[in-house]
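Engineer: Give me the fold of what follows.
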Amino acid sequence: MDHPMTGYQLRKALVNVVGSELTISFGALYPLLDKLATAEELTLAFKRTTNKRPQKLATITAAGRMQFWQLVMTPVALNKQTQLTFQIKLNFLHLLSRDQQQVILLDFQQFAQGQVARLTAQHKRVMTNTHMLAADIQDALMVNELQRVRAQAQLDWLNRQLRNGGEVKG
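Structural biologist: Residues are numbered from 1 along each chain as shown. Have a look, this model is predicted:
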């Protein structure tokens, strides 16, 4: 969104957004760039370099910007990618108006509250499960506690951001 980038730069930026565990290979990235160019959401040009191999330079188009705005403002579906989707959206808050930032943060807050509630209910179910061995119950409760602590820390962070008026502070 900010400036044209090479495939290498895009891959590095993506690692910063989603983490090194979810890196995309260049073998997947370049076909994806070609598809986005075919959809006219970005343009690809070759950038001359000092070595013999030119680099592909991707530049977002007006259609790509419209698609970005649509995606970033679409409510997040509850699925196994929900956490990652919010993490990605948070990386683009600087591109959004204060009102749009509030929408994203409130949506994330609602998800986080539900996550804490689901984990609390799960804790109660495990505590009263008569079909599990005591050792299994202890292990399940330990993992549940870790998940609840993480979810509560996330909710606390979101509550602080929203109290600050949506202005994200480190």
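Engineer: what's the spacing between the spatially closest residue to residue 48 that is not a sequence neighbour and residue 37?
Structural biologist: Distances taken as CB to CB, 6 or more residues apart in numbering place residue 54 nearest to residue 48, at 5.7 Å, with adjacent residues excluded. For every residue, glycine as well, the C-beta is placed using N, CA and C. Residue 54 is 16 Å from residue 37, where distance means CB to CB, to the nearest Å.
Engineer: again, but for residue 5
Structural biologist: Distance of residue 5 to residue 37, computed by CB to CB: 14 Å.
Engineer: between those two, what contacts are shared?
Structural biologist: When contacts are counted by CB atoms under 8 Å, 6 or more residues apart in numbering, residue 5 and residue 37 have residue 58 as shared neighbours.
Engineer: In a strand, residue 58, correct?
Structural biologist: Yes. With DSSP: H, G, I helix; E, B strand; the rest coil as the criterion, residue 58 is located in a strand.
Engineer: Is it bridged to anything, and to what?
Structural biologist: Judged by DSSP bridges, the bridge partners of residue 58 are residue 5, residue 44.
Engineer: That one and residue 45, how far apart?
Structural biologist: Residue 58 sits 8 Å away from residue 45, going by CB to CB.
Engineer: Which residue ranges of this structure form strands?
Structural biologist: Taking DSSP state E, the strands of the chain run over residues 5-6, 42-47, 55-60.
Engineer: Name the residue in residue 58 and residue 45 with the higher neighbour count.
Structural biologist: residue 58 (21 against 12; other CB atoms under 10 Å).
Engineer: Could you pull up the contacting residues of that one?
Structural biologist: Residues near residue 58 by CB under 8 Å, 6+ apart: 4, 5, 6, 7, 10, 33, 36, 37, 42, 43, 44.
Engineer: Residue 11 and residue 24 touch, don't they?
Structural biologist: Yes. Contact criterion CB atoms under 8 Å: residue 11 and residue 24 qualify, at 6.3 Å.
Engineer: where do the contact lists of these two overlap?
Structural biologist: Common contacts of residue 11 and residue 24 (CB under 8 Å, 6+ apart): none found.
Engineer: neighbour count winner among these two?
Structural biologist: Using other CB under 10 Å as the criterion, residue 11 and residue 24 rank with residue 11 on top: 17 against 14.
Engineer: Nice, that's everything, thank you.
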